[in-house]
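**Student:** What follows is a protein structure lacking sequence information:
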């Protein structure tokens, strides 16, 4: 599965999935018609493909892209903007030009270096205009890519209750179940977005997805309006309730290194001999 998510609201814009024989690059290419104009797409490191990135930028109006630069990135500096910021030229391969029609031999990109907590990072982007896209904004924006991982966690851990597999056995039913899961997620997200539409100081991503989901389910199971005219009143009450599901403010000094979590098991873990004494 490859998905396109709006980071500030966690609203899913589009999603493509297929069998194991179809790669993520092909799925990402299918998402291009769903990319809104005047947008910036934050890619993961594995999506480095000059053909895909060039197609992503040219199929829409101001559809920019950004992703971490590879360690072995080969480039030529065309224009040095500042000490850690430059416009570079990237050379495309003959195989890529054969696969992607209209792909030129070279494309221009912006290579930006910055540090966070003493660690150096490099990002590659299509935003080569330094006047329109200042260095400070370029350095701050890529951290938002992690928001899509939070959205996936909400789908898998909260909405799907951390189940390892789907219920369906047949491929067409698996597709149907996945679409149902994505639609249910988006319906909850739309209601959370509606709850804060008149509150610019409150972001929809600062509402607890788990609490909002449970409250919405209980609301529709228990609320039976007397007449249709009472629906707006009940809905407004639901919106007021969702606004109360605000998460605590983020702690700026909180840091958790990325680790591979151990898969839970239903069998008890054997204790070592030293722990039995």
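**Tutor:** Right, received. Where do you want to start? These numbers were taken from a predicted model, which means no experiment stands behind them.

**Student:** drop to CA atoms for contacts and neighbour counts, all remaining ones
**Tutor:** Fine.

**Student:** what pLDDT does residue 92 get?
**Tutor:** On the pLDDT scale, residue 92 is placed at 95.

**Student:** any idea how far the closest residue to residue 124 other than its chain neighbours is from residue 61?
**Tutor:** Closest residue in space to residue 124, ignoring its immediate chain neighbours: residue 111 at 4.8 Å, by CA to CA, 6 or more residues apart in numbering. Distance, residue 111 to residue 61, using CA to CA, to the nearest Å: 22 Å.

**Student:** of these two, who's got more company?
**Tutor:** A direct count of neighbours by other CA atoms under 10 Å for residue 111 and residue 61 places residue 111 higher, at 26 against 12.

**Student:** quick one: the more buried one and residue 87 touch, right?
**Tutor:** Yes - if you go by CA atoms under 8 Å, residue 111 and residue 87 touch, sitting 6.2 Å apart.

**Student:** Let me see the contact set for residue 54.
**Tutor:** 103, 107 (CA atoms under 8 Å, 6 or more residues apart in numbering).

**Student:** quick one: pLDDT of it?
**Tutor:** So residue 54 comes in at 95 (pLDDT).

**Student:** what helices or strands is the helix or strand harbouring residue 173 leaning on?
**Tutor:** Using DSSP states H and E, residue 173 sits in helix 171-195. Contacts defined by 3 or more CA pairs under 8 Å, 6 or more residues apart in numbering; DSSP states H and E place helix 171-195 against strand 11-16, helix 209-222, helix 231-243.

**Student:** Number of residues surrounding residue 149?
**Tutor:** Residue 149 has 13 nearby residues by other CA under 10 Å.

**Student:** which stretches of this protein have low pLDDT?
**Tutor:** 225, 251-256, 269-277 (pLDDT under 70).

**Student:** Break it into its domains for me.
**Tutor:** Domain assignment for the chain by automatic domain parsing gives 2-147, 165-243.
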